[in-house]
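1. just a sequence and a predicted model for now, questions to come.
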Amino acid sequence: MGKLEGKAAIVTGAASGFGRETAVLFANEGARVVVIDRDKKGGISVADEIRKGGGEAVFVEADVSKRKDAKRAVEAAVDGFGKIDVLFNNAGILGPRGVYTEDFPEEEADRLIGVNFMGVFLCTKYALHFMVKSKNGSIITTGSDSAYLGNRGLSVYSATKGAVIAFSRVVAMEYAKKGIRANTISPGAGQTPMHAQLIEHDKEAWKKVEEGIPLGRACYPTDVAHAALFFASDDSKYITGANLMVDGGWTVRGL
Ligand SMILES: NC(=O)c1ccc[n+]([C@@H]2O[C@H](COP(=O)([O-])OP(=O)(O)OC[C@H]3O[C@@H](n4cnc5c(N)ncnc54)[C@H](O)[C@@H]3O)[C@@H](O)[C@H]2O)c1
């Protein structure tokens, strides 16, 4: 028996990186998975991979920052699988890197807030409508180590990640008595397409990042996928309102 046997799970940003790995792991653990992404090609390929492996998956093309899309995506999960047991709010963007606040383009700030915060708010809000009825649900959101650090040039990104961690904590309290849990996962520097530019074109800088991490390497998609599996499954049934750092010790490294 898989850890998610009989459960229906939504994974946003599932076409790539952490989300892709998590969608596949959830399916391998028995969940029926709704793959949500604005990247059609990537999303279809993940759903195909899951089905080829004997799992169940549907892909819904959606931009989570758009109200209609987020609502449609969540409703598609209920139409397809009759329920939502797990929502993994993982879609996110980094935005411009290294641009200090006074020069940060306002439209980029709007975009970051739209995807990284509003996307989480909208999917959570719509999923809650169904979870409250079934008195069951685990909502997991991807935060970031950036929420806890003064990463220069990432002020707006970091703020959106702080926002979703605070948001999730309140949702956890609002719905604890209704059988719904909410937790966040905060990865450190991840080896995913989000950092492709750095990994591929600035190998020295990437090497330095990895050397600075106490456990000696970047965060792999599988590290986040296993943390998400923990929060999605009954293994974490007594845990809500928590944030789990998945950063190889980066935020507590000290001297
Ligand atoms: N990679 C890292 O170092 C790192 C560290 C901490 C937190 N995170 C967070 O992890 C999450 C996943 O990042 P990743 O590294 O796997 O990146 P990624 O770029 O590999 O994957 C992100 C996915 O989200 C999708 N997406 C983006 N905007 C969307 C939208 N509006 N609607 C629907 N889908 C959308 C993209 O198409 C992509 O498939 C993000 O929330 C990111 O902020 C990443």
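-> Noted; the coordinates are in hand. None of these values were measured; they are calculated from a predicted model. Numbers count the residues shown, from 1 in each chain.

2. in this protein, which helix is the longest?
-> Here the longest helix in the chain is taken by residue count, with DSSP state H as the criterion, and it is helix 155-175.

3. in that one, which residues are buried?
-> Using 16 or more other CB atoms under 10 Å as the test for burial, helix 155-175 gives 155-165, 167-169, 171-172, 175. (C-beta placed from N, C-alpha, C; glycine too.)

4. likewise for stretch 34-48?
-> Per 16+ other CB under 10 Å, stretch 34-48 contains these buried residues: 34-39, 42-43, 45-47.

5. quote the end-to-end distance of that stretch.
-> One end of stretch 34-48 to the other measures 12 Å (CA to CA, to the nearest Å).

6. got it, and stretch 48-61?
-> Stretch 48-61 has an end-to-end distance of 14 Å (CA to CA).

7. give me the residues contacting that stretch.
-> Under the criterion CB atoms under 8 Å, 6 or more residues apart in numbering, residues 23-24, 27-28, 31-38, 40, 43-44, 46-47, 72-73, 76-77, 80 lie in contact with stretch 48-61.

8. of those, which belong to strands?
-> If you go by DSSP state E, the contacts of stretch 48-61 have 32-37 in strands.

9. quick check, the helix or strand containing Phe230 touching the ligand?
-> Phe230 is part of helix 221-232, with elements assigned from DSSP states H and E. No. Contact between helix 221-232 and the ligand is absent, the nearest approach being 6.7 Å (criterion: CB under 6 Å from any ligand atom).

10. pull out the buried residues from that helix.
-> By 16+ other CB under 10 Å, the buried positions in helix 221-232 come out as 221, 223-225, 227-232.

11. one more: stretch 118-130?
-> The neighbour-count check on stretch 118-130 (16+ other CB under 10 Å) flags 118-124, 126-128, 130 as buried.

12. and that stretch, how far out from the chain middle?
-> Taking CA atoms, centre = their mean, to the nearest Å, one finds the center of stretch 118-130 at 13 Å from the center of the full chain.
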